[in-house]
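**Q** A structural model of the following input is requested.
(3 chains)
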Amino acid sequence: MGRGMKRWMLWLPLAVFALLFAVVAAGLFRPADRTVRSAMIGKPIPNFTLPGMVPGKPGLATATLTAGRPHLVNVFASWCVPCIAEAPQLMRLKAMGVPIEGIAIRDTREDLLGFLRRNGDPYERIGDDQRSAVQVALGSSGVPESFVVDGAGTIVLQHVGDIRAEDVDDIAAAVRNAK
Amino acid sequence: MMAEAGLAALWFAAALAALQLVMAALGLRAASGGPRASTGSARTEEQDAAAPTTVRAELVEGREHQDVNTEILTAVRPIAIVQGLMIAVAMAMLIGVFLNSDMSVKLVVENSHSAKPWLYKFAGAWGNHEGSMLLWVTILGLAGGAVAILERRLPERTLIATLGAQAGIALGFYAFLLFSSNPFDRISPAPADGLGLNPLLQDPGLAFHPPTLYIGYVGISVAFSFAVGALITRDVGPAFARAMRPWVLGAWIFLTLGITAGSYWAYYELGWGGWWFWDPVENASLMPWLAATALLHSVTVLATRDGLRAWTVMLAVVAFSMSMIGTFLVRSGILTSVHAFAVDPKRGAFILVLLAIYIGGALALFAARVGTVRAGNSFELFSREGALVANNLLLSVILGVVLIGTLYPIVAAGFGVQLSVGAPFFDKTVGPIALILVAVMGAGPLLRWRRDDGQAVAARMMWPIAVACFVAAGLVVFASIGILPLLGLSLAAGLAIASVAPLWGRNLRRTPLFTYGMVVAHLGIAVSLAGMASDSAFTTETLVAARVGEPVKAGPFSVVLDGIKPVVGENYSALEAQLTATRGDQTIVLRPQSRYFANPVTTTNESAIATRWDGQLYTVLGQPDDQGRWQLRLWWKPFVTLIWFGGALIALGGALALLGRWRRAARTARREEDARWAAA
Amino acid sequence: MAALCIALAAPVLADPSTPPAALAYTQLRDPAQEATAKALMETLRCLVCQGQSIADSDASLAGDMRSLVRERIAKGENPASIRAWLIQRYGDYVTYDPPLSAVTWPLWLAPIVLLAVGALLARQSFRRRPR
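**A** Modelled structure (predicted):
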């Protein structure tokens, strides 16, 4: 389709290729973050009421999280392996005075009791989320994930994956600042 | 010893490739004082068909005194042939060490086991990164040798430039093999036995799937080399088009087969009845096919009417870059895909460097040279070539949309946005363009070359249009289906009629084979399209928790779960359901499985599919519930098999066309030979 | 295309033992509603899979999301508002049908731009008819 084409236009394919090359090279050398993050940061926590599932421990509802005190909401499950790795860090956070609320995803009472017995129980309340409904409402896509919720019930931080020893101070600080 | 012999052959082949490149460059530089545009290139197929033999004789003579530095130039062909032989020896040695289970070779240890069946030892040679790269260059080297032996019609200088480009491509991949992925590395001490091939890869499909795609990619690389050669000698014309066409056709046949087989594989493996997911890996295989399809048609315009010169060269470069980008996307793992591959960013970087050198170089050459290529003929809008231009335009747009859609998540990530581009995007954008393309495809073969008359075309198109409208009306009245499937089915019916219309009123015995090829390939598109539309319009899905003995309805079938029994496989244990499906007096027994692999811990669903003339019953066994019921997923998919049957027809059409072209070329060559004798 | 599918071969670290949600593997009674739900599910990304929609995944979260979609469709909610609700939670990543935005308009415009550029290029191949 060459007739009447301006000379500089002949260099356009090379320019387009350079652009294409830049895109794929960027994809290779600066791999995108594949973590699926919640889009709920900075938004009020959705309305929910989850029943309790452990004797003597209440369930979790939005009202608790909007009562003026900041919380760490931990989305977890007894069948989740990284949750076991995370448990000691949650115990440390509890010892530092961070109020921790649990949302148990697709769990059974027996499994959960066993999990708490083996790994410690840092939770003030545990809500029973049988159908991952609250998990989805929070924009969480896996276990474990943790959300820092301020006193007014606004989600201020999401931590995807298990909380490691090096994350503990940051998370404690985030909860402290989330008045 | 075998491994060392193979490595030596590999080095030797690499050295020959380097020599081939240098000789071609030297020869062309020395010869560049000679005449530029060859007389041969200005002729078209139409003229050839009509040309008296004396003109042909002139042509042959013109070629003879055109070569100046014949000595260097004549050396290039034999080098290319020996290079092909050497690399074939290297590949044979690798297959040899796999068949012998030589556990002192690292690659064998990592990918094979002495107790493996023969076929998987054999295929295991390319069931890994190093071996597959070696297979790639082997096919490339053999193709280079074949070009050197077979190609007689192209001006010598263009052919030498082509072989030079071919050597340049091979050299890059030889370097890759020798310096970073040597398949012949020894391991010491040698272990008692190998680690075995991943059980999931022990599928006959894997023995044939990679070679199929590689042949396709290599064929495209030959077309690319022809384009580079033609640019170097500024000799872009019908002779170049005819030399390139069989390679494009061959590549296209194999790419078609590869995509068709891959789609069916995904269909029965994934267990949800889908056959195309617009997944990045699928798109990576589709893009070279789209480019090759466009190239196939533009090369015909160039051969027949000496038009679309620059465009055809451009398409050859685009097609090769798409096959390299496809390989890159698949191996580098920069996009998330359902289809697993051995992913390694370092290899990705290497392919990226080669991509930059070859494609960047070719496009720079294009920009510098194509301005001096004489403009080709221009056309009437209402003509066969006009329809072929429309075909190229629409195929290129589809290719562009698929490429942009596939890579756009990377662009968006650059702006800090996570984005998913999938089926809904491609259905909305590619769908309508593809349907327009189908309509053009129906009309194209019914148009005459050069110029046609609107009324005559309308008369020829009457039946196809009538049938399409009839089907559309019938569907509107009797079925409530979506707009895309509705248009798809109507256009498929119209295209089916239109595609065989070129045979009407012709002497079927005297019709050239390549015309049959076109008819069959276009019919294949209609058949495949009908399958796709039928699947999306008429599939019925049944998801149930079934009790043993309780009948369930799935489309026209009544399905009963007879029972569940445990089954032990070679490396898995499974639960197998026995389902009895009845329709009228027809009874089918299906046995879907739910498999459990211990190492690594994996559960898979093995679907059971029953194929009948009017569709497939697709069954999957799911999990049990606490009331003793079993989860079943049942689909009745009317005429879904047409999708892959159409794909096979398309490839068959390509093969017929290739055979037809080859026979005609042989006949013309014979005539040329006679003419030479007559002139002497 | 090639090769195998990790979707089914991926090592499952751990899965919940609880039964799937009521509507994860059960269709809605009303075929029209089921068709609407199914069409929506095919455009929603399974967030824990390797590039699959929630309509073709066995992951438990995908099952729960299917159940959520069917429940809401059964209650009469329209698909667009369910999609919007999910985008509010997960961002544009959750939909395979990228919503028009500052980042995505070049994507949606691309087919039209390519058609226009192609038509311009193709025009040069055609002879101008003598008048």
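
**Q** so which elements touch the helix or strand harbouring residue B:424?
**A** Take DSSP states H and E as the rule and residue B:424 turns out to sit in helix B:423-443. With contacts defined as 3 or more Cβ pairs under 8 Å, 6 or more residues apart in numbering or on different chains; DSSP states H and E, helix B:423-443 has these neighbours: helix B:384-414, helix B:483-500, helix B:513-538, helix C:105-123. Bear in mind the C-beta positions are built from the backbone N, C-alpha and C, glycine included.

**Q** the top helix by length along chain A to helix B:384-414, inter-axis angle?
**A** Criterion DSSP state H: the longest helix present in chain A is helix A:12-29. Here the directions of helix A:12-29 and helix B:384-414 differ by 40 degrees (axes from the mean of the first three to the mean of the last three Cα atoms, to 10 degrees).

**Q** okay, the angle between helix A:12-29 and helix C:105-123?
**A** Using the same axes, to 10 degrees: helix A:12-29 against helix C:105-123 is 150 degrees.

**Q** helices or strands next to helix A:12-29 in the packing?
**A** Checking 3+ Cβ pairs under 8 Å, 6+ apart, helix A:12-29 ends up next to helix B:309-332, helix B:345-355, helix B:361-369, helix B:384-414.

**Q** in JSON lines: those, plus mean pLDDT.
**A** Formatted as JSON lines, the helices and strands packed on helix A:12-29 follow (pLDDT from 0 to 100):
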{"stretch": "helix B:309-332", "mean pLDDT": "90"}
{"stretch": "helix B:345-355", "mean pLDDT": "84"}
{"stretch": "helix B:361-369", "mean pLDDT": "92"}
{"stretch": "helix B:384-414", "mean pLDDT": "94"}
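
**Q** name the stretch among those that sits most buried.
**A** Mean neighbour count (mean count of other Cβ atoms under 10 Å in any protein chain shown) peaks for helix B:309-332 among those, with a mean of 26.

**Q** still on that earlier bit, residues in contact with the longest helix of chain A?
**A** B:314, B:317, B:321, B:325, B:328-329, B:332, B:334-335, B:345, B:348-349, B:352, B:355-356, B:359-360, B:363-364, B:366-367, B:403, B:407, B:410-411, B:413-414 (Cβ atoms under 8 Å, 6 or more residues apart in numbering or on different chains).

**Q** residue ranges in the stretch 451-600 of chain B under the pLDDT threshold?
**A** Low-confidence segments of the stretch 451-600 of chain B, defined by pLDDT under 70: B:598-600.

**Q** out of the helices and strands packed on helix B:423-443, the one nearest chain A is which?
**A** For those, the distance to chain A is smallest for helix B:384-414, at 3.7 Å, taking Cβ to the nearest Cβ.

**Q** what about dumping the CA coordinates of stretch B:227-245 to PDB?
**A** This file holds the C-alpha atoms of stretch B:227-245, laid out as PDB (Å, rounded to 0.1, in the frame of the first residue of the first chain):
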ATOM      1  CA  ALA B 227      11.000 -10.600   2.900                       C
ATOM      2  CA  VAL B 228      14.400  -9.400   4.300                       C
ATOM      3  CA  GLY B 229      16.200 -10.900   1.300                       C
ATOM      4  CA  ALA B 230      13.800  -9.100  -1.100                       C
ATOM      5  CA  LEU B 231      14.300  -5.800   0.800                       C
ATOM      6  CA  ILE B 232      18.000  -6.100   0.600                       C
ATOM      7  CA  THR B 233      18.000  -6.600  -3.100                       C
ATOM      8  CA  ARG B 234      15.000  -4.300  -3.600                       C
ATOM      9  CA  ASP B 235      13.400  -7.100  -5.500                       C
ATOM     10  CA  VAL B 236       9.800  -7.300  -4.200                       C
ATOM     11  CA  GLY B 237       7.600  -8.700  -6.900                       C
ATOM     12  CA  PRO B 238       5.600 -11.700  -8.100                       C
ATOM     13  CA  ALA B 239       8.600 -14.000  -8.200                       C
ATOM     14  CA  PHE B 240       9.300 -13.200  -4.600                       C
ATOM     15  CA  ALA B 241       5.700 -13.800  -3.700                       C
ATOM     16  CA  ARG B 242       5.600 -17.200  -5.400                       C
ATOM     17  CA  ALA B 243       8.800 -18.300  -3.700                       C
ATOM     18  CA  MET B 244       7.400 -17.300  -0.300                       C
ATOM     19  CA  ARG B 245       3.900 -18.600  -0.800                       C
END
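
**Q** helix, strand, or coil at residue A:155?
**A** strand (DSSP: H, G, I helix; E, B strand; the rest coil).

**Q** bridged to it, which residues?
**A** Counting by DSSP bridges, residue A:155 forms beta bridges with residue A:149.

**Q** adding distance to residue C:114, write the helices and strands packed on helix A:12-29 out as CSV.
**A** Putting the helices and strands packed on helix A:12-29 into CSV (distance: least, Cβ to Cβ, whole Å) gives the following:
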stretch, distance to residue C:114
helix B:309-332, 13
helix B:345-355, 22
helix B:361-369, 18
helix B:384-414, 4
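
**Q** next, give phi and psi for the nearest residue to residue B:146 once chain neighbours are set aside.
**A** Leaving aside its sequence neighbours, residue B:146 sits nearest to residue B:84 (Cβ to Cβ, 6 or more residues apart in numbering or on different chains; 7.4 Å). Torsion angles at residue B:84 (phi, psi; degrees, to the nearest 10) stand at phi -60, psi -40.

**Q** got a list of what residue B:84 touches?
**A** B:141, B:142, B:143, B:144, B:145, B:146, B:148.

**Q** wait, residue B:304 sits on residue B:448?
**A** No: with contact defined as Cβ atoms under 8 Å, residue B:304 does not count as touching residue B:448 (11.9 Å).

**Q** more neighbours: those two, which one.
**A** Shown here are residue B:304 and residue B:448; by other Cβ atoms under 10 Å in any protein chain shown, residue B:304 has more neighbours (22 against 15).

**Q** with just CA atoms, put stretch B:548-555 into PDB.
**A** Only the C-alpha atoms of stretch B:548-555 are listed here, as PDB (Å, rounded to 0.1, in the frame of the first residue of the first chain):
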ATOM      1  CA  VAL B 548     -27.700 -43.000  42.700                       C
ATOM      2  CA  GLY B 549     -30.400 -44.300  40.400                       C
ATOM      3  CA  GLU B 550     -32.300 -41.000  40.200                       C
ATOM      4  CA  PRO B 551     -32.600 -39.800  36.600                       C
ATOM      5  CA  VAL B 552     -31.500 -36.200  35.700                       C
ATOM      6  CA  LYS B 553     -32.300 -34.300  32.500                       C
ATOM      7  CA  ALA B 554     -29.500 -33.000  30.300                       C
ATOM      8  CA  GLY B 555     -30.700 -31.600  27.100                       C
END
